[in-house]
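K.L.:
What follows is a predicted protein model with its sequence.
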Amino acid sequence: MYPVYVFLKTENRKGRNINDMGEQILIAEDDADINNLLAKILRTEHFKPIQAFSGTEAKLLFMHNTPDLILLDLRSDLSCCLLSLL
């Protein structure tokens, strides 16, 4: 079964322009291979990926980094932890 992702644009609380290069993107994916592949692709496109491999880790990273966008696997247990914050 393939993961289903939702792209969540978060409120830009740091005052940065969302179109500037180097936006932070939180990857919430429990499959390490997929998570690492997404991070590698994002880095080649000049984004700053923040990788979370568990719901607790995603929640903590979200609270401390204020990402501009979240890639969230809806079919994993990560989604309930992170969606509760939004």
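P.N.:
Done, it's in.
K.L.:
mean confidence for stretch 71-78?
P.N.:
The pLDDT scores in stretch 71-78 average 72.
K.L.:
Strands of the protein, start to end?
P.N.:
For the chain, strands defined by DSSP state E occupy the ranges 5-9, 24-28, 48-52, 69-73.
K.L.:
for those strands, which one sits closest to Lys40?
P.N.:
Closest to Lys40 of the strands of the chain is strand 48-52 (Cβ to Cβ; 8.4 Å). (Glycine included, C-beta is placed from N, CA and C.)
K.L.:
between the longest helix belonging to the chain and strand 48-52, what angle do the directions make?
P.N.:
Identified as the longest helix of the chain according to DSSP state H is helix 32-44. Interaxial angle of helix 32-44 relative to strand 48-52 (axes from the mean of the first three to the mean of the last three Cα atoms, to 10 degrees): 170 degrees.
K.L.:
Return the list of helices and strands in contact with helix 32-44.
P.N.:
strand 24-28, strand 48-52 (3 or more Cβ pairs under 8 Å, 6 or more residues apart in numbering; DSSP states H and E).
K.L.:
What strands flank the last one, and is each parallel or antiparallel?
P.N.:
Strands adjacent to strand 48-52 in the sheet, as given by DSSP bridges, are strand 24-28 (parallel).
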